[in-house]
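In: A structural model of the following input is requested.
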Amino acid sequence: MNESTIYYTFTDEAPALATASFLPIVQAYATAANVNIETRDISLATRILAVFSDRLDAGQRVVDALAQLGELAKTPEANIIKLPNISASIPQLKDAIAELQALGFTLPDYADEPTTDEEREARSRYDKVKGSAVNPVLREGNSDRRAPLSVKAYARKHPHVNKAFAADSKTRVATMTKDDFFSNEKSVVFAAADVLNIRHIAADGSVTELKKGLKVLEGEIVDATFMNAAALDEFLVETLAQAKADNVLYSVHLKATMMKVSDPILFGHVVKAFFANVFAKHGDALAAAGLSANDGLASILAGLVNVAGGNALAAEFTAALGQGPRLSYTNSDKGITNLHVPSDVIVDASMPALIRNGGKLWGVDGAEDYTLAVIPDSSYAGVYQATIDDVVENGPLNPATIGSVPNVGLMAQAAEEYGSHDKTFEIQADGRVEVANSNGDVVLEHKVAKGDIWRATQTKDVPVRDWVKLAVSRARATNVPAIFWLDAARAHDAELITKVKRYLGDHDTSGLTIEIMAPADATRYSLERIRRGLDTISVSGNVLRDYLTDLFPILEVGTSAKMLSIVPLLNGGGLFETGAGGSAPKHVQQFLEENYLRWDSLGEFFALAASLEHLASTTGNSKAKVLADTLDRATGTFLEEDRSPGRKIGTIDNRGSHFYLALYWAKELAGQTEDAEIAASFTELANTLGAAEAKIVEELIAVQGKPVDIGGYYLANAAKVEAAMRPSATLNAAIASLGK
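Out: Numbering: from 1, shown residues only. Predicted coordinates for the structure are as follows:
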């Protein structure tokens with residue numbers, strides 16, 4: 001490992017395409033500071049191949065780059081730039097497997113219900129890849145996420161539009177009031193390290209070991225809870241009837257990617273509730289055909305093509321769409337509903353979009369309408385209802401005048417819900433679930449019924465201490481109030497509150513405003529301040545961190561992709577994240593059809609500058625500091641000149657934005673006075689790019705407007721991608737000449 005190395009992740013979809021264009025520029029510029037930029041492939045396709053590498057031919061085998069980075073993240077030398085990656089839902093995982101199989105990789109199928117030892121073994125490997133498999137490995141630290149001053153200034157100067165809610169708006173959030181994860185949660189703190197076992201005891205006394213040898217540390221919080229399936233189904237029946245009676249769109253908002261075990265099951269309950277009559281008649285036949293509601297309507301309809309009588313059954317699904325409440329659509333032109341794909345509607349992106357759009361989503365005809373937004377678990381649903389209430393009462397937030405809500409998030413070492421995946425189970429029989437310590441004493445227990453979703457989560461003490469320290473340091477550095485979003489009525493939060501109060505005593509908090517509020521109250525407090533142009537630091541747990549770092553940025557600056565996301569790693573290294581990837585699939589679709597990539601790499605620019613600055617401070621590399629400072633200034637010019645990708649063909653896209661960043665960065669490097677050697681080496685490049693601006697832009701735009709072939713979606717052909725993403729021979733030659 002080289003302390004002068006920045007590890008740049010290669011991921012999937014639009015970010016991977018953008019990397020093919022931007023990374024050659026970064027690598028060329030970095031040589032001026034003797035900084036190595038190395039890539040590590042953590043794409044979904046490569047992660048799949050890595051877990052089955054022993055089954056592949058020698059020429060097909062790949063290293064487990066994610067595991068390598070996970071070990072690196074625990075060292076002081078770690079300096080990782082992490083781009084958004086696919087958090088694979090089961091339909092995405094199956095699509096990726098099929099693509100890789102078609103390319104000649106001897107991978108087994110993904111078995112929804114494995115029946116043989118071989119299928120179970122393959123399924124266990126795939127389970128390591130699906131959902132949010134990357135973030136828990138790399139996030140060996142807590143999160144510091146905020147809008148850079150340049151982004152905030154740009155949003156104020158060029159404000160986007162947050163639409164007003166109509167006076168008669170019927171849009172609201174529907175959530176459960178009992179028997180959900182929130183209300184059933186129990187929590188315990190361990191006074192000493194221990195080893196736990198989780199078991200299910202059926203009503204007939206039979207015992208099933210669910211999880212053995214679960215190690216916990218001194219001071220660790222362990223929670224257990226469950227979603228009552230019968231209560232969930234009752235709630236869904238009620239909300240479907242409410243939406244139909246109110247004549248509003250019905251939409252469900254989950255996170256089937258990050259909560260990769262529980263939320264696909266919840267999604268399946270919604271699909272079954274909406275198409276209740278169809279499943280009552282044909283549920284057994286669908287199951288026999290391997291078609292699961294958890295995978296969504298699109299997967300079922302695609303599978304019916306190979307089922308006897310499938311066309312008639314598909315027609316029943318289509319007819320049912322017209323009989324229930326009106327569904328919201330993610331793509332009405334293509335007939336894709338809210339229930340087609342579990343990973344299409346992700347709550348942290350979809351709810352802010354709904355609020356920004358005046359409380360309206362889109363129906364079958366593409367027209368906007370009021371919406372019943374269904375968020376079954378009540379843990380964080382109140383945040384969105386409180387935001388809706390505020391906008392209805394006070395009008396839409398004005399990006400030109402409002403303040404900001406940066407976030408300090410507890411996420412190190414798979415804290416809280418995002419660490420629940422290997423401890424989440426769909427209960428197979430009535431009985432109870434027990435969590436027992438090494439002495440056999442039951443420390444947590446729930447009475448459960450068949451179909452319930454039970455889960456346990458862990459939050460280690462060291463991340464909590466670091467989280468409190470980070471919150472205090474950010475409050476001190478900015479002189480901004482820091483609010484811990486914790487609900488004393490929730491078992492887990494109550495234990496966290498005790499720890500927070502204790503660890504705040506380890507720090508000088510004199511003159512600071514640091515408070516603890518339940519999420520809905522904290523939402524109202526932050527919105528009241530933001531309307532007065534004031535900032536408020538939200539200090540939250542892991543899932544809520546995800547929600548808030550989309551909600552407020554989307555309302556403040558129009559997107560969460562332009563945020564500065566720094567993860568100070570626990571052992572001294574740094575992880576620098578480049579923004580959210582929820583829009584990546586739509587950008588790829590447009591690119592393939594029109595050779596136009598609207599993906600915005602601004603978050604990458606911010607992450608790179610922070611990474612270079614971190615490297616400079618930890619290694620004493622003054623040249624890296626020059627690169628960081630000039631990149632910051634170049635990004636400011638980039639924003640001022642509005643060089644982000646345009647909205648339509650004929651304007652610069654992602655590739656053009658990279659050219660302009662390279663141009664402005666070269667000019668800043670040539671003009672700075674801190675390092676004469678660097679200035680001299682970039683003077684010619686700055687002049688060359690400036691003189692060739694019109695020609696380079698012409699070359700980049702000339703390729704637009706026709707389909708492009710990149711040889712695959714999950715495992716694209718590298719040569720084809722490079723050719724597509726670097727179409728300007730003039731720009732390529734100029735970058736290649738640097739340092740020669």
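In: Ala482 and Arg145: what is the separation?
Out: For Ala482, the distance to Arg145 (CB to CB, to the nearest Å) stands at 14 Å. The C-beta positions use only the backbone N, C-alpha and C, and glycine is treated the same way.
In: could you list the low-pLDDT ranges of the stretch 551-700 of the chain?
Out: For the stretch 551-700 of the chain, applying pLDDT under 70 flags the ranges 580-582.
In: helices or strands up against the helix or strand of the chain with the lowest mean pLDDT?
Out: Every helix and strand in the chain was compared by mean pLDDT, DSSP states H and E; the lowest is helix 135-138, with a mean of 84. Contact here means 3 or more CB pairs under 8 Å, 6 or more residues apart in numbering; DSSP states H and E; on that basis helix 135-138 packs against helix 65-72.
In: give me the mean pLDDT for the helix it packs on.
Out: Helix 65-72 shows a mean pLDDT of 94.
In: list the buried ones in it?
Out: Using 16 or more other CB atoms under 10 Å as the test for burial, helix 65-72 gives 65-66, 69-70, 72.
In: isn't Ala256 up against Ile265?
Out: No: using CB atoms under 8 Å, Ala256 makes no contact with Ile265, being 9.1 Å away.
In: tell me how many other residues surround the closest residue to Pro406 other than its chain neighbours.
Out: The shortest distance from Pro406 to any non-neighbouring residue, by CB to CB, 6 or more residues apart in numbering, is to Arg146 (3.4 Å). Here the number of neighbours of Arg146 (other CB atoms under 10 Å) works out to 23.
In: what segments of the stretch 51-200 of the chain are helices?
Out: In the stretch 51-200 of the chain, the segments counted as helices under DSSP state H, counting those that start in this stretch are 65-72, 90-102, 117-127, 135-138, 149-157.
In: Asp493: which of those is closest?
Out: helix 135-138 (20.7 Å; CB to CB).
In: restricting to C-alpha, output that closest one in PDB.
Out: Presented in PDB, the C-alpha positions along helix 135-138 are these (Å, rounded to 0.1, in the frame of the first residue of the first chain):
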ATOM      1  CA  ASN A 135     -21.400   0.500   2.000                       C
ATOM      2  CA  PRO A 136     -21.200  -1.600   5.300                       C
ATOM      3  CA  VAL A 137     -17.800  -2.800   4.200                       C
ATOM      4  CA  LEU A 138     -16.300   0.500   3.300                       C
END
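In: buried residues in it?
Out: 135-138.
In: quick one: that helix to chain centroid distance?
Out: Distance of helix 135-138 from the chain centroid (CA atoms, centre = their mean, to the nearest Å) equals 12 Å.
In: now do the contacts for Lys272.
Out: Shown in contact with Lys272 (CB atoms under 8 Å, 6 or more residues apart in numbering): 279, 283, 293.
In: sorry, slip of the keys, the one I care about is Tyr547.
Out: Here Tyr547 is in contact with 347-348, 351, 380, 383 (criterion: CB under 8 Å, 6+ apart).
In: now, those that are in helices?
Out: 347-348, 351, 383 (DSSP state H).
In: out of those, who has the most neighbours?
Out: Using other CB under 10 Å as the neighbour criterion, Met351 leads the ones in helices among the contacts of Tyr547 with 27 neighbours.
In: who's in contact with the residue nearest to that residue when sequence neighbours are not counted?
Out: Closest residue to Met351 apart from its sequence neighbours, by CB to CB, 6+ apart: Tyr384 at 4.9 Å. Shown in contact with Tyr384 (CB under 8 Å, 6+ apart): 173, 351, 355, 373, 375, 551.
In: and His158, by the same measure?
Out: For His158, counting by CB under 8 Å, 6+ apart, the contacting residues are Asp642.
In: for it, give its distance to Arg502.
Out: 45 Å.
In: which residues in the stretch 451-600 of the chain form strands?
Out: 453-459, 482-485, 514-517, 537-540, 564-568, 574-577 (DSSP state E, counting those that start in this stretch).
In: can you list those strands in CSV and add mean neighbour count and distance to Leu555?
Out: Putting the strands of the stretch 451-600 of the chain into CSV (neighbours: other CB atoms under 10 Å; distance: least, CB to CB, whole Å) gives the following:
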stretch, mean neighbour count, distance to Leu555
strand 453-459, 24, 29
strand 482-485, 25, 17
strand 514-517, 17, 19
strand 537-540, 28, 13
strand 564-568, 23, 17
strand 574-577, 26, 20
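In: can I get these in CSV with distance to Glu693?
Out: Below are the strands of the stretch 451-600 of the chain laid out as CSV (distance: least, CB to CB, whole Å):
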stretch, distance to Glu693
strand 453-459, 52
strand 482-485, 45
strand 514-517, 50
strand 537-540, 41
strand 564-568, 28
strand 574-577, 30
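In: returning to that earlier point: what's the closest of the contacts of Lys272 to Asn439?
Out: Using CB to CB, the contacts of Lys272 come closest to Asn439 at Ala293, 41.5 Å.
In: format the helices of the stretch 51-200 of the chain as a markdown table; extra columns: distance to Gly511.
Out: What follows is those, written out as a markdown table (distance: least, CB to CB, whole Å):
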| stretch | distance to Gly511 |
| --- | --- |
| helix 65-72 | 38 |
| helix 90-102 | 49 |
| helix 117-127 | 49 |
| helix 135-138 | 35 |
| helix 149-157 | 23 |
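In: circling back: between Ala256 and Ile265, point out the one with more neighbours.
Out: Ala256 (31 against 23).
In: can I assume the more buried one sits in a strand?
Out: No: Ala256 sits outside any strand when classified using DSSP: H, G, I helix; E, B strand; the rest coil, being coil.
In: so which strand or helix has the nearest residue to it once chain neighbours are set aside?
Out: Nearest non-adjacent residue to Ala256, counting by CB to CB, 6+ apart: Pro342, 3.7 Å away. Assigned by DSSP states H and E, Pro342 falls within no helix or strand.
In: ok, Pro342 - contacts?
Out: Listed by CB under 8 Å, 6+ apart, the contact set of Pro342 reads 89-91, 254, 256, 263-264, 267, 294-296.
In: ok, Ala609 next?
Out: Contacts of Ala609 (CB under 8 Å, 6+ apart): 628, 631-632, 635.
In: the residue lying closest to it once chain neighbours are set aside: what secondary structure?
Out: Distance criterion CB to CB, 6+ apart; nearest residue to Ala609, sequence neighbours excluded, is Leu631 at 4.4 Å. Judged by three-state DSSP, the three-state class of Leu631 is helix.
In: coming back round to it: mind giving me the PyMOL command for buried ones among the contacts of Tyr384?
Out: Here is the PyMOL command that selects the buried residues among the contacts of Tyr384 (16+ other CB under 10 Å):
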select buried, resi 173+351+355+373+375+551
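In: which is the next helix or strand following the helix or strand hosting Glu699?
Out: Glu699 belongs to helix 693-702 when elements are defined using DSSP H and E. Per DSSP H and E, the first helix or strand lying C-terminal to helix 693-702 is helix 718-725.
In: so how far is Val697 from Gly705?
Out: 15 Å.
In: and what of Val261?
Out: Here the criterion is CB to CB. By it, Val261 lies 48 Å from Val697.
In: quick one: the strands in the stretch 601-740 of the chain?
Out: Under DSSP E, counting those that start in this stretch, the stretch 601-740 of the chain gives no strands.
In: just to revisit the earlier point, I'd like the buried residues of helix 65-72 as TSV, with distance to Phe682 appended.
Out: As requested, the buried residues of helix 65-72 are exported to TSV (distance: CB to CB, whole Å):
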residue	distance to Phe682
Ala65	32
Leu66	35
Leu69	31
Gly70	36
Leu72	30
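In: good, we can wrap up now.
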